[in-house]
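Peer 1: Predicted model follows, preceded by the sequence.
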Amino acid sequence: MPRNRPVHSRCWVLWWAALGGGLLGLGSLSESLAQQGPVLLPPGQIPAPSLLTPQVQAAPLAPVVVEPASAVEELLRRGMQLESQGRWGDALFHYEEALRNYPAEATLQRRYELARLHYDLVRRYTDRSFLRILETLSPQEALGLYNEVLSKIQAHYVDTFNWNDFLQRGVVDLEVALSEPIFVNRYLAGVPPAKLAEFRQTLRTLVEHQQLESRSATWQRIRTLAEAAYQQLGLPPTAVILECLCGVTNTLDPYSAFLTPSQLEEIYSQIEGHFVGLGVELKSEGGKLRIVRVVPGSPAQEAGLRAGDWILAVGSQSLVGLTTEQAADLLQGPEGSLAELTVQTPGQPPRQVRLRRRRVELPSIEQARMADPQMGIGYVKLACFQKTTARDLEAVLWDLYRQGMRSLIVDVRGNPGGLLSTAVEVADKFIDQGVIVSTRGRSPQEDFTYTAHQAGTWRVPLVVLVDQESASAAEIFAGAIRDHRRGTLVGQRTYGKGSVQGIFPLGYAGTGIRLTTARFYSPSGQSFNRVGIEPDILVHRTARIPPKDGLAERMSQPALPSPPGNPAGWRPAGIPSSESGLPEMPLPGPGPAEAAFAPTPGSLEEDSALAAALQVARQLLGRR
């Protein structure tokens, strides 16, 4: 971490920990800074029991329908095929999706947990900042780091734990390392199998019949384990201690993890809303890398790259078969440096593209325009909840207001989350009183209740678009709108990520940890964890259309001029009637939908969920 960056004792986040995908130059949507309070992490991994000890769940799982064994067997077969190919990121994503459909399948759960251990280890050992730690951190410093991590868990982690469990977690991770080629080739090349078998027996002896009662006793046992690994296999003690550390942090739950220096810096960059890079988000599919998103105004967009394109090579280095982290390492570089890519658009031949890396601003508001100028229906697309989102949204709302906005659609589809404080601020813009969200943890210091304020409330009729990728902070916003009957939710059931993470910088080598510290609850006291939020109006299928070709572009070219003035009969709260000349209009509350919305054939709105939202917004205005 640069020395000029202030070190915060903690930051809090709501986060979408995307697997197999990440914005280059970023890690994931990150936590909030310490002064801003808790944050929410995005999901990307399903909340699952830990590798060794069942975790307390915030809410009971939804009823599970038992499926034919053959379906689960086929999922296992496909997953283990990915494992055999060393495609741990793909395997992890596969098991995660399988568990969404079969959450009670213990075998899928175990394979998921194993895949995550392998995936995280490979990710660490392709992270140059982590490799530098291995070379520079002394065993004594590594033990100090381990002790500091245990102290953070002891003080802040959401669930109860025991010290024996921490020892076992570390041993399991070390066992995985002993079988992972990237670790074996670095440290154990040429070590006879008999030696490895002898050390494995030593590991079992070290953890059998242990009754650890304190942090210091656990720390001492890890030191003994590291000494044994060095004596029997020649393993560097620092490497062993760090694996034991990651075995603890990365198996507590799907969102807690050890953060390398580069990962911690990426989190801070995303909180601030900018980074240095090319501006593409990648996802590994079938051993290849597909562009999921291109940041507006980035070098990638200016070079003509689009979502759906495949990146085949960087310079002379093929990306086929690489993980997203390995590809990101090749694509990253200092500001001003050049990157030469081989890119292929489906159905077209590969082409060469040259881009210059530079600072990329991450807009949290991707679109803001009048979706129906004649009716006065505004549309805002929130991509995430970052530090500047609330301020940017306020400016956008005033701009739409001046264009004659009478009703508003807020689109949080695909929104993985972000800062808890920002989610509260955004919800507060539309709710004038009452609870927005509450958090509860094992420690009383993690318990907070966030409430709305009347000043500055926008009373415009509201529709919120959600889907299965709306998570964490996006669910806090949607849940508050629903519980207060402030607007109508349209789309699909949300992801169901109901926990809060804290980002804690550590005192060694610029590292940090991300810990789940609390679970959050809607104004009505409901948890969304592994359940999600059901929309008021269900839209079975949403067609995603790239902005250049779809409805988003057409919305920027209205066929009818905006109405003069603001005949809507509403005004933002806090503006005196003498200033606006407009009386306030009460908002009708949404009612439950009797059936899923189905767009009419030939509808101008190719995005069926947005078409439904427009119809609801028109109905809220009392016109069809």
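Peer 2: Done, it's in. Numbering: from 1, shown residues only.
Peer 1: Just give the number of residues close to the closest residue to Ala518 other than its chain neighbours.
Peer 2: Nearest residue to Ala518, sequence neighbours excluded (CB to CB, 6 or more residues apart in numbering): Gly441, at 3.6 Å. Quick note: C-beta positions are derived from backbone N, CA and C, even for glycine. For Gly441, the neighbour count with other CB atoms under 10 Å is 21.
Peer 1: Pull the contacting residues for Gly441.
Peer 2: His156, Val158, Asp447, Val500, Thr517, Ala518, Arg519 (CB atoms under 8 Å, 6 or more residues apart in numbering).
Peer 1: 10 Å instead?
Peer 2: 38, 156-159, 447-448, 499-500, 502, 516-519 (CB atoms under 10 Å, 6 or more residues apart in numbering).
Peer 1: Repeat that for Glu198.
Peer 2: Pro192, Gln232, Leu233.
Peer 1: again, only using 7 Å
Peer 2: Gln232 (CB atoms under 7 Å, 6 or more residues apart in numbering).
Peer 1: Now do it against Leu178, distance only.
Peer 2: 12 Å (CB to CB, to the nearest Å).
Peer 1: Please apply the same query to Glu73.
Peer 2: For Glu73 relative to Leu178 (CB to CB), the value is 29 Å.
Peer 1: Break this structure into its domains for me.
Peer 2: Listed domain ranges for the chain are 128-252, 274-361, 365-509+517-580 (source: automatic domain parsing).
Peer 1: Most widely separated two among the contacts of Gly441?
Peer 2: Asp159 and Phe448 (18.1 Å; CB to CB).
Peer 1: Is Ser438 in a helix, a strand, or coil?
Peer 2: Assigned with DSSP: H, G, I helix; E, B strand; the rest coil, Ser438 falls in the strand class.
Peer 1: confidence score at it?
Peer 2: At Ser438 the predicted local confidence, pLDDT, stands at 97.
Peer 1: swap in the one 3 residues further on?
Peer 2: Looking at Gly441, its pLDDT stands at 95.
Peer 1: try Leu29
Peer 2: Confidence at Leu29, expressed as pLDDT, is 30.
Peer 1: same thing with Tyr125?
Peer 2: 94.
Peer 1: Isn't Tyr125 up against Pro181?
Peer 2: No: contact criterion CB atoms under 7 Å: Tyr125 and Pro181 do not qualify, at 10.0 Å.
Peer 1: Looking at those two, which one has more neighbours?
Peer 2: Neighbour comparison, Tyr125 and Pro181: the larger count goes to Tyr125, with 19 against 10 (by other CB under 10 Å).
Peer 1: Can you tell me how far that one is from Ile291?
Peer 2: 26 Å.
Peer 1: Look at Val464 and tell me its secondary structure.
Peer 2: Assignment for Val464 (three-state DSSP): strand.
Peer 1: now it: how far from Thr494?
Peer 2: 10 Å.
Peer 1: what helix or strand is the residue nearest to Pro181 when sequence neighbours are not counted on?
Peer 2: With sequence-adjacent residues excluded and distances taken as CB to CB, 6+ apart, Pro181 is closest to Gly86, at 7.2 Å. Secondary structure from DSSP states H and E places Gly86 outside every helix and strand.
Peer 1: Show me where the stretch 101-250 of the chain has its helices.
Peer 2: For the stretch 101-250 of the chain, helices defined by DSSP state H, counting those that start in this stretch occupy the ranges 106-124, 128-136, 139-156, 163-177, 181-187, 193-207, 215-233, 237-249.
Peer 1: Which strands or helices does the fourth one pack on?
Peer 2: In terms of contacts (3 or more CB pairs under 7 Å, 6 or more residues apart in numbering; DSSP states H and E), helix 163-177 is packed against helix 106-124, helix 193-207, helix 215-233, helix 237-249.
Peer 1: can you put these in a markdown table and add distance to Leu134?
Peer 2: Formatted as a markdown table, the helices and strands packed on helix 163-177 follow (distance: least, CB to CB, whole Å):
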| stretch | distance to Leu134 |
| --- | --- |
| helix 106-124 | 9 |
| helix 193-207 | 19 |
| helix 215-233 | 13 |
| helix 237-249 | 6 |
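Peer 1: got the contact list for Gln433?
Peer 2: Per CB under 7 Å, 6+ apart, neighbours of Gln433: Ala452, Gln454.
Peer 1: what about it, which SS state?
Peer 2: Following three-state DSSP, we place Gln433 in the coil state.
Peer 1: any idea how far it lies from Ala480?
Peer 2: With CB to CB as the criterion, Gln433 and Ala480 are 12 Å apart.
Peer 1: same thing with Gly525?
Peer 2: Taken as CB to CB, the span from Gly525 to Ala480 is 12 Å.
Peer 1: what's the answer for Gly404, then?
Peer 2: For Gly404, the distance to Ala480 equals 27 Å [CB to CB].
Peer 1: Repeat that for Gly333.
Peer 2: 41 Å.
Peer 1: Neighbour count: these two, which is higher?
Peer 2: Taking other CB under 10 Å, Gly333 and Ala480 do not tie; Ala480 has more neighbours (28 against 17).
Peer 1: pLDDT at the more buried one, what is it?
Peer 2: pLDDT at Ala480 comes out at 98.
Peer 1: What of Arg100?
Peer 2: 81.
Peer 1: Is it in a helix, a strand, or coil?
Peer 2: Assignment for Arg100 (three-state DSSP): helix.
Peer 1: what's the neighbour count on it?
Peer 2: 13.
Peer 1: can you give me the end-to-end distance of stretch 466-485?
Peer 2: Terminal residues of stretch 466-485 lie 16 Å apart, using CA to CA, to the nearest Å.
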